[in-house]
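[1] Got a sequence here, can you model it:
(one chain, ligands or ions: 2)
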Amino acid sequence: MHGSTEAAAVDVGSLVLCPEVDPATPHRVHRRLYTDPAVFAAEMDAIFGRTWVYVGHESEIPEPGAFTSTLIGRTPVILTRTDAGEIAVLLNRCTHRAATVCQERRGQNRFFRCPYHGWSFRPDGTLVGFTYADGYDDPDVSADDFTLGRPPRVASYRGFVFASLAADGPSLTEHLGNAAAYIDLLVDLSPSGRLVVGAPGESRYSYPGNWKIQSENGVDGYHANFVHLAFLEGAAPDNKALRMFAGTSPCRSVDLGHGHALLDQRPVMADPFERRAAATPQGRAHRAALEERLGAERAREVIRTSGGLGFNLLVYPNLLFIQYHVRVVQPVAVDRTEVVLFPILFEGDGTLESDELALGLNAERLRGHEGFYGPAGGGVPGDLEMFRRVQEGLAVEQVEWLSFERGRTRESREPDGSRVGHMTDEGPQRSFYRRWLAEMAG
Ligand code: FES
Ligand SMILES: [Fe+2]
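    Ligands and ions are numbered 1, 2, ... in the order given. Purely as a prediction, here's the structure:
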């Protein structure tokens, strides 16, 4: 269903350079990846039209009729819960004359009522009936024929819901591959094992630049000590934060395969996380709750990771788990991108003790989130300025290539196929472009 007419117009081979020893992995990409509308159109088709794309978290739609609206590439969709309690993803396109039936970002209602001619659809997408029904007495026309469309595949991993616009392809579990274990670490950190994502609110920003700049940046350990120097200097005692991103850092970057990648901060941060958890009543209660649910060994591993504080994770193509939030990169045009940040909070198990613990941990998480990633935080404005400058510099046509060669010859292979490099190496970006090339080349 996804014609490759647009993709065919793009000669992908001319857009990347790969080293002879690893011809599937670009280490340079052409400026047209960020500036050419034909490349952008081809990406919407070959990548966002095919692969698994994150559409929301189950906690955003706790009850029948609850919904959120989002995009898969440029395709508007609605994540909703049906009257039968099932998760559904609907194409946000009226089956009458194409208006979007949902404009709100999130909410709860019994019907999606198209504003144009009043057709109403149930949360499962079925049409309640025609407005002014007497004009539809043609026996060949039935309301049953006008159910809202759905992406052919929807699946969820530990509460995170993904959809694919392609009828076939790898399963979600196959797609996530080595990235799944890191999502497990994030979820397991919740004292109850349950997360609340998105429902408490979100923050958004946009920038005049290509979407891939943000996907690259979320797992870029090279820039932090330059762009975020002032913030990192004051962020933690003993310059721990600066040490993490220094050329001498013991931390790693990991190319997880399938385009996914990780910055692993644990070599510097795991001991402090564990000490911090032992130092306060709240931290001790947290660890005790995890030990009860997961056993001592796993609880320790989870505490020493402390969710996204222990790593940055990119799930190809446009989903990031960073610190205390989920970040979704939404391509708008070749030089325009919107980004949405959803804090990841914990849900208690309903007992006073557990709910209070979740409340205390959530307050800490939200303040931490705002400090670096909020609208006035210490991190986001600097990154946005760099994204803008990259796009500005790309106007120079005389220099064609962007370089992602850093650390290529010093990365090592793990038994699970992942490639490990230094924190400041560009293995994560090469991982991204290896998958990008494979998808764009069909
Ligand atoms: S376009 Fe939706 S009712 Fe006409
Ligand atoms: Fe940054």
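
[2] so where's the protein shaky on pLDDT?
    Within the chain, the stretches with pLDDT under 70 are 1-8, 308.

[3] who does the longest strand anywhere in it pair up with?
    If you go by DSSP state E, the chain has its longest strand at strand 336-347. Strand 336-347 has its sheet partners listed here by DSSP bridges as strand 194-197 (antiparallel), strand 203-207 (antiparallel), strand 325-333 (antiparallel).

[4] wait, doesn't Leu256 sit right on Ser431?
    Yes - using CB atoms under 8 Å, Leu256 makes contact with Ser431 at a distance of 6.9 Å. Where you see a C-beta, it was placed from the backbone N, CA and C, and this is true even at glycine.

[5] which bits of this protein sit near ligand 1?
    For the chain, the contact set with ligand 1 under CB under 6 Å from any ligand atom comprises Cys94, His96, Arg97, Ala99, Cys114, Tyr116, His117, Gly118, Trp119.

[6] show me the residues around the fifth one that make contact.
    Okay, so that is Cys114. Cys94, His96, Ala99, Val101, Ser120, Phe121 (CB atoms under 8 Å, 6 or more residues apart in numbering).

[7] the strands in the stretch 51-200 of the chain, which residues?
    Applying DSSP state E, counting those that start in this stretch to the stretch 51-200 of the chain gives strands spanning 53-57, 66-72, 75-81, 87-91, 106-108, 112-113, 120-121, 127-129, 153-157, 160-164, 194-197.

[8] Which one of those lies nearest to Tyr205?
    Closest to Tyr205 of these, according to CB to CB: strand 66-72, at 15.7 Å.

[9] What is the closest one packed up against?
    Packing contacts for strand 66-72, counted by 3 or more CB pairs under 8 Å, 6 or more residues apart in numbering; DSSP states H and E, involve strand 53-57, strand 75-81, strand 106-108.

[10] I'd like to check the angle between the second one and strand 160-164, please.
    So that's strand 75-81. 140 degrees (axes from the mean of the first three to the mean of the last three CA atoms, to 10 degrees).

[11] and strand 75-81, C-alpha only, in CSV?
    C-alpha atoms of strand 75-81 as CSV (Å, rounded to 0.1, in the frame of the first residue of the first chain):
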residue,chain,number,x,y,z
THR,A,75,-0.3,10.4,9.2
PRO,A,76,-2.6,11.7,12.0
VAL,A,77,-3.8,8.9,14.3
ILE,A,78,-5.8,8.5,17.5
LEU,A,79,-4.9,6.2,20.3
THR,A,80,-8.0,5.2,22.1
ARG,A,81,-9.6,2.6,24.4
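
[12] Identify all contacting residues around it.
    Looking at what lies outside strand 75-81 - CB under 8 Å, 6+ apart - the contacts are 48, 55-56, 60-71, 87-93, 100-102, 112, 123, 151, 161, 163, 165.

[13] Which strands border that strand, and is each parallel or antiparallel?
    strand 66-72 (antiparallel), strand 87-91 (antiparallel).

[14] Please work out how many residues are found near the nearest residue to Glu60 once chain neighbours are set aside.
    In space, and not counting its chain neighbours, Glu60 is closest to Gly198: 4.5 Å by CB to CB, 6 or more residues apart in numbering. By other CB atoms under 10 Å, the residues close to Gly198 number 26.

[15] repeat for Asn178
    Counted with other CB under 10 Å, residues neighbouring Asn178 total 18.

[16] Report the buried residues of stretch 58-67.
    Glu58, Ser59, Glu60, Ile61, Pro64, Gly65, Ala66, Phe67 (16 or more other CB atoms under 10 Å).

[17] Distance of the fifth one relative to Glu58?
    Just to be clear, that refers to Pro64. 13 Å (CB to CB, to the nearest Å).

[18] so can I have CSV of the strands paired with strand 336-347 showing mean neighbour count?
    What follows is the strands paired with strand 336-347, written out as CSV (neighbours: other CB atoms under 10 Å):
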stretch, mean neighbour count
strand 194-197, 20
strand 203-207, 17
strand 325-333, 21
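
[19] now those strands in TSV, with distance to Ala42?
    TSV is the format used below for the strands paired with strand 336-347 (distance: least, CB to CB, whole Å):
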stretch	distance to Ala42
strand 194-197	31
strand 203-207	22
strand 325-333	12
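
[20] that older thread, return a PyMOL selection command for the buried portion of the contacts of strand 75-81.
    With 16+ other CB under 10 Å as the burial test, the buried ones among those are selected in PyMOL as follows:
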select buried, resi 48+55+56+60+61+64+65+66+67+68+69+70+71+87+88+89+90+91+92+93+100+101+102+112+123+151+161+163+165
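
[21] so who does the residue positioned nearest the centre of the chain touch?
    The centre of the chain sits closest to Leu319, judged by CA atoms, centre = their mean, with a distance of 1.5 Å. Applying CB under 8 Å, 6+ apart, we find Leu319 in contact with Val53, Tyr54, Val326, Arg327, Val328, Val329.

[22] Which residue, other than its chain neighbours, is closest to Ala277?
    Gly283 (3.8 Å).
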